[in-house]
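A.B. asks: What shape does this take:
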Amino acid sequence: MTSEDNPGESMLRISIDHLLEGVQVIGFDWTYRYLNAIAARHGERPVHAMIGRTMKEVYPGIEDTALFGVLQRVMTTRRSQRLVDEFTFPSGSSRWFDLRVEPVPVGICILSIDITEQRVAELQLQQAQKMEIVGKLVSGIAHDFNNMLTVIVGYAEMLTSQLGP
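C.D. replies: Prediction:
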């Protein structure tokens, strides 16, 4: 029976294909079983270049990442996990993703939301806050130093007035 024979399955696939989140189904053998268009865009690969291939084939070296460790843990323990991950692509570019990894009967399902713009804004805000703190610290030090110089200059003027020319 194909999805054309089952209107409910067809509607479900259409609905998943039109979500704003990326949806990937990875089999127990680490093969991509399903990806919607958003997940393919998140992975910077076309769907047809991923379906039927393993994660290791599509992203060489992924098995050495913390992300893959989480995926393995969910695959093994069958317990959901959520994480924020900075994924570096083979091209060297990177993006931040909010990921939810769920066990499913055929392996795992990864739901992804690209949060790169939000994460960059957060990092810029943190940097601005650090700079504000440094500015306040420098201002305080300069104020204290100025107070000490005022005392020194005052004593120096007093001494020179007592010594004469």
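
A.B. asks: biggest helix in this structure, by residue count?
C.D. replies: helix 116-163 (DSSP state H).

A.B. asks: Return the alpha-carbon coordinates of the helix or strand hosting residue 24 using PDB.
C.D. replies: Taking DSSP states H and E as the criterion, residue 24 maps to strand 22-27. These are the backbone C-alpha positions of strand 22-27, laid out as PDB (Å, rounded to 0.1, in the frame of the first residue of the first chain):
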ATOM      1  CA  GLY A  22      13.000  20.700   9.900                       C
ATOM      2  CA  VAL A  23      12.000  17.000  10.300                       C
ATOM      3  CA  GLN A  24      14.400  14.100   9.700                       C
ATOM      4  CA  VAL A  25      13.900  10.500  10.400                       C
ATOM      5  CA  ILE A  26      17.200   8.500  10.800                       C
ATOM      6  CA  GLY A  27      17.100   4.700  10.800                       C
END
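
A.B. asks: which SS state does the residue nearest the centre of the chain fall under?
C.D. replies: Computing the C-alpha centroid of the chain and ranking residues by Cα atoms, centre = their mean puts residue 96 first, at 2.8 Å. Taken by DSSP: H, G, I helix; E, B strand; the rest coil, the conformation at residue 96 corresponds to strand.

A.B. asks: Can you check what pLDDT the model gives residue 21?
C.D. replies: Residue 21 carries a pLDDT score of 91 in this model.

A.B. asks: And the pLDDT for residue 1?
C.D. replies: pLDDT, residue 1: 43.

A.B. asks: let me fix that: residue 99
C.D. replies: pLDDT, residue 99: 97.

A.B. asks: Show me which residues of the helix or strand where it lies are buried.
C.D. replies: Applying DSSP H and E as the criterion places residue 99 in strand 94-104. Neighbour counts over strand 94-104 (16 or more other Cβ atoms under 10 Å) mark 95-99, 101, 103 as buried. (C-beta placed from N, C-alpha, C; glycine too.)
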